[in-house]
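Enquirer: Predicted structure and sequence below. I'll ask about it afterward.
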Amino acid sequence: AVPGGCRLILVGDVDQLPSVGPGSVLKDIIRSNKMPVVRLENVFRQAEVSSIVRNAHKINRGQAPEFTNDGDFRLKEFTSEQEAAEYVAHTYAELVKYSDWRDIQVLSPMHKNPCGVQNLNKLMQLYLNPPSSFKAEVNIPGGNVIRVGDKVMQIRNNYEKDVFNGDIGQVLRIDGK
């Protein structure tokens, strides 16, 4: 699709989370050693003193990260996955009390299992928006429930409705299905 003589410059970060869709084009091109690559090494988005930045660099170099009890990069150990999931949901609910619900997001690298998206969503819904006879709700495939007041994320582009993968919103009302 690119005309002859045209230059194509790809910009990205191969150390970010993998793409949502299939393929990892940038990473594959870099690994092929067929194209020139320039690596940017200065961090401008977070303070260089941030333990997140320091630990990200350590992890990329194959070194173990450093954890503290009061910093922004911590380790909490649990005896079970369900205990960890409960902790995540409870912590999220506590944080949302003191912040805008749009400013806090929980990420999980999997869909199933106790710490997967499906279970975490159910737990967070129980903490933040439990069932009530005063709230409309609808059952959706997979045994899930969406209720008025729920935080939702669009997971597919819908150009007709001008909503895109990753857009976040809140259920204001339910009309039918």
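Expert: Thanks, I have the structure now.
Enquirer: Could you count how many residues lie near residue 85?
Expert: Residues near residue 85, counting by other CB atoms under 10 Å, number 21. In short, each C-beta sits where N, CA and C put it, glycine included.
Enquirer: likewise residue 82?
Expert: 14.
Enquirer: Excluding residues flanking it in the chain, which one is nearest it?
Expert: Excluding its sequence neighbours, the residue lying closest to residue 82 (CB to CB, 6 or more residues apart in numbering) is residue 114, at 4.5 Å.
Enquirer: Kindly state the pLDDT recorded for that neighbour?
Expert: With respect to pLDDT, residue 114 scores 95.
Enquirer: now swap in the one 3 residues further on and tell me
Expert: The model reports residue 117 with a pLDDT of 91.
Enquirer: what's it in contact with, if anything?
Expert: 108, 110, 111 (CB atoms under 8 Å, 6 or more residues apart in numbering).
Enquirer: per-residue pLDDT, residue 47?
Expert: In this model, residue 47 carries a pLDDT of 59.
Enquirer: going forward can the numbers begin at 47, since that is how I track them
Expert: All right, first residue 47 from here; so that's residue 93.
Enquirer: ok, residue 56 to residue 73 distance?
Expert: 11 Å (CB to CB, to the nearest Å).
Enquirer: who has more neighbours, those two?
Expert: The residue with more neighbours, out of residue 56 and residue 73, is residue 73; 16 against 10, by other CB under 10 Å.
Enquirer: how far away is the more buried one from residue 60?
Expert: Applying CB to CB, the value for residue 73 to residue 60 is 5 Å.
Enquirer: Buried residues of the lowest-mean-pLDDT helix or strand in the chain, list them for me.
Expert: In the chain, the helix or strand scored least confidently by mean pLDDT, DSSP states H and E is helix 97-106, which has a mean of 83. Neighbour counts over helix 97-106 (16 or more other CB atoms under 10 Å) mark 97, 99, 100, 101, 102 as buried.
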